[in-house]
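K.L.:
The following block contains a protein sequence and its predicted model.
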There are 4 protein chains.
Amino acid sequence: MFFQINSHNGVPVYEQVYRQVTFAVANDSLQAGEMLPSVRQLARELAINPNTVSRAYRQLQERDIVESIRGTGVSIAKGARGICRAERSRILRQSMRQIIEAARQSQLQDIEIEKLFQTELGSRKGK
Amino acid sequence: MFFQINSHNGVPVYEQVYRQVTFAVANDSLQAGEMLPSVRQLARELAINPNTVSRAYRQLQERDIVESIRGTGVSIAKGARGICRAERSRILRQSMRQIIEAARQSQLQDIEIEKLFQTELGSRKGK
Amino acid sequence: MFFQINSHNGVPVYEQVYRQVTFAVANDSLQAGEMLPSVRQLARELAINPNTVSRAYRQLQERDIVESIRGTGVSIAKGARGICRAERSRILRQSMRQIIEAARQSQLQDIEIEKLFQTELGSRKGK
Amino acid sequence: MFFQINSHNGVPVYEQVYRQVTFAVANDSLQAGEMLPSVRQLARELAINPNTVSRAYRQLQERDIVESIRGTGVSIAKGARGICRAERSRILRQSMRQIIEAARQSQLQDIEIEKLFQTELGSRKGK
DNA sequence: GTGGTCTAGACCACG
DNA sequence: GTGGTCTAGACCACC
């Protein structure tokens, strides 16, 4: 799997797994019907606890992105692409909104906010 | 006080207090020598726990933004303005960086990230 | 075979096979001496794992509902009809009991439980 | 708390907690704004693991039945009553539907199903 | 004190 | 082999 976990960015690990699956489906990197790696295998690959993977998978299932069958495995559900695109949008919007709101709460003007954002975005372009 | 607390934006309450003082000083809305409200009074006004205010004040004091004088209260320190401007910059940069990193981890292109950000910034202009 | 498997109704697949054989015998749709399809064939027909069919057959055998003769196949045992009628009764009672208990644990009155049940039973009459 | 756990009825423990809170709200036994017992306290009372309570509370929160604030506790959310009534209905209907479907899959007539259900319901009336 | 996350390890049911 | 549940215990952030 092409996932990577960053333990120090404040986003819970299970949420990182959740998002990466979601985004991969939104991207068409994962297609409906495909199997996800087993809980244990993905846990091994990412060097995290199986329970953590399990939690991510459960969250995917609750949102109908994934279908999980005991004894068989976990596969991408039929309508997943649409759901994942909506999810991706929701997640990103929410992040953006939070940061903007926090900046505004501190009396910053929108122009200043935008400038800061672009500076930060640009400063890593080389990486 | 002209502060406002939002319990649902993910930023810890003590951090919101901390930031709002810091930004007010950076803004010159609060000037060196001015007194902050007492812990209890501010807690009452904002309807939050005094411990939370206390923690914010402690953090302000640790960074030499305020001075607390026993029996008198808490006042903005002399060199606060410079410190606060640096702090403001640091805080905002860090927020921006986090959000950008999360978006990139999800395979988004910078252009898409920027577009999303601007959409979100613009969508609230009327408010 | 006239069986059908529903992967999404909570009843394990092997149990569905087990029950359908049992109920067919109780019904006289299957008679003593008749052969059941081979494990592999039934698995193919129902598009399920042979292990699953095997498990169902084993359970049928343990309760003397079928006899398996090496090299020949699996047939309905002599005394099966009586056993199956008792089994059918046991299974259904148990299902009913479970659901009633769960509803009662949630503080529902028996009258409410009955009404719900009948509504649900009636609502599918047309189908 | 007036909850009770039954480890042997097939319903996961966290789900039992979830349901009992939901049903209590639907009943008006718990009202919007009320605090639930803390995770640790309820775990102690029910003699289960705090993680299990936590999972139930998380599920309540995901469905907007409960609001949980770090460091403060968990309280019944504003619109909870309506949600809980819908949830209660959903849960019960689903149980009923499952059992009816299973019975029908086994070639039972609706009249027989109903008779069985009523027998089972009546047989415990005295308890 | 509160809730949230994560780990480790056990046990179960299912295919 | 698979996923699901539960326990025990640790650590963190917050109030």
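P.N.:
Received, thanks.

K.L.:
make it CA atoms for all contacts and neighbour counts henceforth
P.N.:
Fine.

K.L.:
what's the helix or strand for the residue nearest to the spatial centre of chain A?
P.N.:
The residue lying closest to the centre of chain A (CA atoms, centre = their mean) is A:Arg19, at 1.3 Å. In this structure, A:Arg19 sits in helix A:13-26 according to DSSP states H and E.

K.L.:
Go ahead and confirm the residue nearest to the centre of chain A touches B:Gln105.
P.N.:
No. The criterion here is CA atoms under 8 Å, and A:Arg19 misses it with B:Gln105 at 9.3 Å.

K.L.:
Can you name the element that comes right after the longest helix along chain A?
P.N.:
When chain A is scanned for its longest helix (criterion: DSSP state H), the result is helix A:80-105. Reading on from helix A:80-105 to the C-terminus, the next helix or strand found by DSSP H and E is helix A:110-122.

K.L.:
Can you list the helices and strands that that following helix packs against?
P.N.:
When contacts are defined as 3 or more CA pairs under 8 Å, 6 or more residues apart in numbering or on different chains; DSSP states H and E, helix A:110-122 packs onto helix A:80-105, helix B:80-105, helix B:110-122.

K.L.:
do the second one and DNA strand F meet?
P.N.:
Put plainly, it is helix B:80-105. No. For a cut-off given as CA under 7 Å from any atom of the strand, helix B:80-105 has no contacts with DNA strand F; the smallest distance is 13.3 Å.

K.L.:
what about that helix and chain A, any contact?
P.N.:
Yes. Against chain A, helix B:80-105 shows contacts by CA under 8 Å from any CA of the partner chain at B:Leu92, B:Arg93, B:Ser95, B:Met96, B:Arg97, B:Gln98, B:Ile99, B:Ile100, B:Ala103, B:Gln105.

K.L.:
which one in these is the model shakiest on?
P.N.:
Ranked by pLDDT, the residues of helix B:80-105 next to chain A bottom out at B:Gln105, which has 76.

K.L.:
list the contacts for that one?
P.N.:
By CA atoms under 8 Å, 6 or more residues apart in numbering or on different chains, the contact set of B:Gln105 is A:Gln20.

K.L.:
still on that earlier bit, would you mind writing the CA trace of the helix holding A:Arg19 as PDB?
P.N.:
The C-alpha coordinates for helix A:13-26 follow below in PDB (Å, rounded to 0.1, in the frame of the first residue of the first chain):
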ATOM      1  CA  VAL A  13      -3.600   7.800  13.000                       C
ATOM      2  CA  TYR A  14      -7.000   6.100  12.300                       C
ATOM      3  CA  GLU A  15      -8.100   9.400  10.700                       C
ATOM      4  CA  GLN A  16      -5.100   9.400   8.500                       C
ATOM      5  CA  VAL A  17      -5.800   5.900   7.300                       C
ATOM      6  CA  TYR A  18      -9.500   6.900   6.800                       C
ATOM      7  CA  ARG A  19      -8.600   9.900   4.700                       C
ATOM      8  CA  GLN A  20      -6.000   8.200   2.600                       C
ATOM      9  CA  VAL A  21      -8.400   5.500   1.600                       C
ATOM     10  CA  THR A  22     -11.100   8.000   1.000                       C
ATOM     11  CA  PHE A  23      -8.900  10.200  -1.200                       C
ATOM     12  CA  ALA A  24      -7.500   7.200  -3.100                       C
ATOM     13  CA  VAL A  25     -11.100   6.200  -4.000                       C
ATOM     14  CA  ALA A  26     -11.900   9.800  -4.900                       C
END
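
K.L.:
What average pLDDT does it get?
P.N.:
On average, helix A:13-26 scores 95.

K.L.:
by contact count, what packs against that helix?
P.N.:
Taking 3+ CA pairs under 8 Å, 6+ apart as the contact cut, helix A:13-26 packs with helix A:50-62, helix A:80-105.

K.L.:
Looking at those, spot the one closest to A:Ala24.
P.N.:
helix A:80-105 (8.6 Å; CA to CA).

K.L.:
That closest one and DNA strand E in contact?
P.N.:
No. Interface with DNA strand E: helix A:80-105 contributes nothing (CA under 7 Å from any atom of the strand), its closest point being 14.6 Å away.

K.L.:
before we move on, what about stretch A:18-34?
P.N.:
No. Counting by CA under 7 Å from any atom of the strand, DNA strand E is not contacted by stretch A:18-34; separation bottoms out at 10.3 Å.

K.L.:
Quick one: end-to-end distance for that stretch.
P.N.:
Counting by CA to CA, to the nearest Å, you get 16 Å between the two ends of stretch A:18-34.

K.L.:
my guess is A:Glu67 is in a strand, correct?
P.N.:
Yes. Counting by DSSP: H, G, I helix; E, B strand; the rest coil, A:Glu67 is found in a strand.

K.L.:
which intervals of chain A have sub-threshold pLDDT?
P.N.:
Across chain A, the ranges flagged by pLDDT under 70 are A:1, A:124-127.

K.L.:
quick revisit: may I ask which of the residues of helix B:80-105 next to chain A has the most neighbours?
P.N.:
B:Ile100 (24 neighbours; other CA atoms under 10 Å in any protein chain shown).

K.L.:
quick one: that one and B:Glu112 touch, right?
P.N.:
No. The criterion here is CA under 8 Å, and B:Ile100 misses it with B:Glu112 at 10.9 Å.

K.L.:
any residues in contact with both of those two?
P.N.:
Going by CA under 8 Å, 6+ apart, no residue sits against B:Ile100 while also sitting against B:Glu112.

K.L.:
Could you find the closest non-adjacent residue to A:Glu87?
P.N.:
The shortest distance from A:Glu87 to any non-neighbouring residue, by CA to CA, 6 or more residues apart in numbering or on different chains, is to A:Thr22 (7.3 Å).

K.L.:
near chain B, which residues of chain A?
P.N.:
Counting by CA under 8 Å from any CA, chain A sits next to chain B at A:9, A:19-20, A:23, A:92-93, A:95-103, A:105-107, A:110, A:114, A:116-118, A:120-121.

K.L.:
before we move on, the earlier item: okay, the residue nearest to the centre of chain A and A:Ala80: tell me how far apart.
P.N.:
Distance, A:Arg19 to A:Ala80, by CA to CA: 13 Å.

K.L.:
do the same with A:Gln118
P.N.:
Counting by CA to CA, the gap from A:Gln118 to A:Ala80 is 33 Å.

K.L.:
now A:Leu42
P.N.:
20 Å.

K.L.:
Before I go, just wanted to say thanks for your time.
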